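Enquirer: Sequence and predicted model, in that order:
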Amino acid sequence: MAGVLNFTPPPIFRSLSSRKTPNSRFCTRSSADISETPTFSPPPNFKAPPPKRFAVRPDKVFDILGASLALVFRLGTGVFVDGYSASFVSKNEIPSDQYALEFAGLTVKETSKLGPRPEKPIEIYEFERLNACVAFPDMYCHETRGNFSCPFCRKVREIVAVLDLDVLFYPCPKNGPNFRPKAAQMGGKQQFPYMVDPNTGVAMYESDDIIKYLVGKYGNGNVPFFLSLGLLTTLTEGFAMIGRMGKPSPFCKVVREVLVELELPHILHSCARGSPKRHILYQKAGHFQVPYLEDPNTGIEMFESAEIVEYLRATYAL
């Protein structure tokens, strides 16, 4: 899965959007403990690292192998945008300011068929790590840490990537003081994922119902095969997370895990293969690589997941 994460503040703070990144603030304490809007700054002498071409720190090799189980069990679901197609073309056919994959001296032209686009990001209350570190930025990510993850939440994250949607994720780990109570208050029970579509006013539980709604409203109406197998889908989602039990990944998952651990809400801009957002990131940063983080609180923009995690902990952890 690929995407952009925008940290979004609690309701008492000014919210973010995928089009604008105003100066917002996020507190790592319970909202009940907040007396004033905090100000954040990057760690002293911090300098964003340059992107590296598939460079993996030696201490992260086994973590990558564990994370790769998801591709095995889920057969790449969420890697490609709906209606994805690819063809080899000459390099001259792709504008120089657009992202394109080059292979064996040829350029790959990738296209997709997207449905209607929501004006406002879909809001989803969920978790990728069960436990919180009770204690706000922007990221491009290709898509848990802790004891347990949620296979039902993972199903919804996959359809988000397939439909190339921008989603405002509210992390709701166990004992989290900020958004878990809010989700229960809005929906009437602590069950996840919980989706709210501000464009239509629709709100619902149940991952399968959420998937059907999203493909009907923002897709072609057809649920992808590997997300329509009921119990088998749920089981393979669970198997896909085995390699993540208690281990960090050097790629996008490790960043999402820390976002949940610190209860940092974020907007994820999906960038699966065939997504037009790949061109947006390429034009913005002069390079396409995920994850990519933009923090509107400090002005930091950076690649490299391991360094992003270190930055988040240094900036937002108590």
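Expert: That came through fine.
Enquirer: Which positions in stretch 281-292 come out as buried?
Expert: By neighbour count with 16 or more other Cβ atoms under 10 Å, stretch 281-292 contains the buried residues 281-282, 285, 288-292. No exception for glycine: its C-beta is placed from N, CA and C like everyone else's.
Enquirer: Filter those residues down to just the ones in strands.
Expert: Tyr292 (DSSP state E).
Enquirer: May I ask which two of the buried residues of stretch 281-292 are separated the most?
Expert: The distance between the two most remote of the buried residues of stretch 281-292 (Cβ to Cβ) is 14.8 Å, for Tyr282 and Pro291.
Enquirer: for stretch 256-268, how far is the first residue from the last?
Expert: End-to-end distance of stretch 256-268 (Cα to Cα, to the nearest Å): 10 Å.
Enquirer: same check, this time on stretch 288-295
Expert: One end of stretch 288-295 to the other measures 18 Å (Cα to Cα).
Enquirer: Also stretch 260-278?
Expert: In stretch 260-278, first residue to last residue: 25 Å (Cα to Cα).
Enquirer: Renumber starting at 37 from here on
Expert: Let's use 37 as the start, then, which means that last one is stretch 296-314.
Enquirer: mind listing what's buried in it?
Expert: When neighbours are counted by 16+ other Cβ under 10 Å, the buried residues of stretch 296-314 are found to be 296-311, 313-314.
Enquirer: These in strands, which ones?
Expert: Those of the buried residues of stretch 296-314 mapping onto strands are 302-306, per DSSP E.
Enquirer: any idea which of the residues you listed is closest to Asp200?
Expert: Nearest to Asp200 among those: Ser306, at 5.1 Å, using Cβ to Cβ.
Enquirer: ok, the closest one to Tyr241 distance?
Expert: Separation of Ser306 from Tyr241 (Cβ to Cβ, to the nearest Å) stands at 22 Å.
Enquirer: what sits against the closest residue to Pro78 other than its chain neighbours?
Expert: Leaving out its chain neighbours, the residue that sits closest to Pro78 by Cβ to Cβ, 6 or more residues apart in numbering is Thr334, at 4.8 Å. Shown in contact with Thr334 (Cβ atoms under 8 Å, 6 or more residues apart in numbering): 76-78, 173, 351.
Enquirer: and if you look at Gln134?
Expert: Counted by Cβ under 8 Å, 6+ apart, Gln134 has contacts 315, 318-319.
Enquirer: in stretch 237-251, what counts as buried?
Expert: So for stretch 237-251, counting by 16+ other Cβ under 10 Å, buried means 241, 243-244, 246-251.
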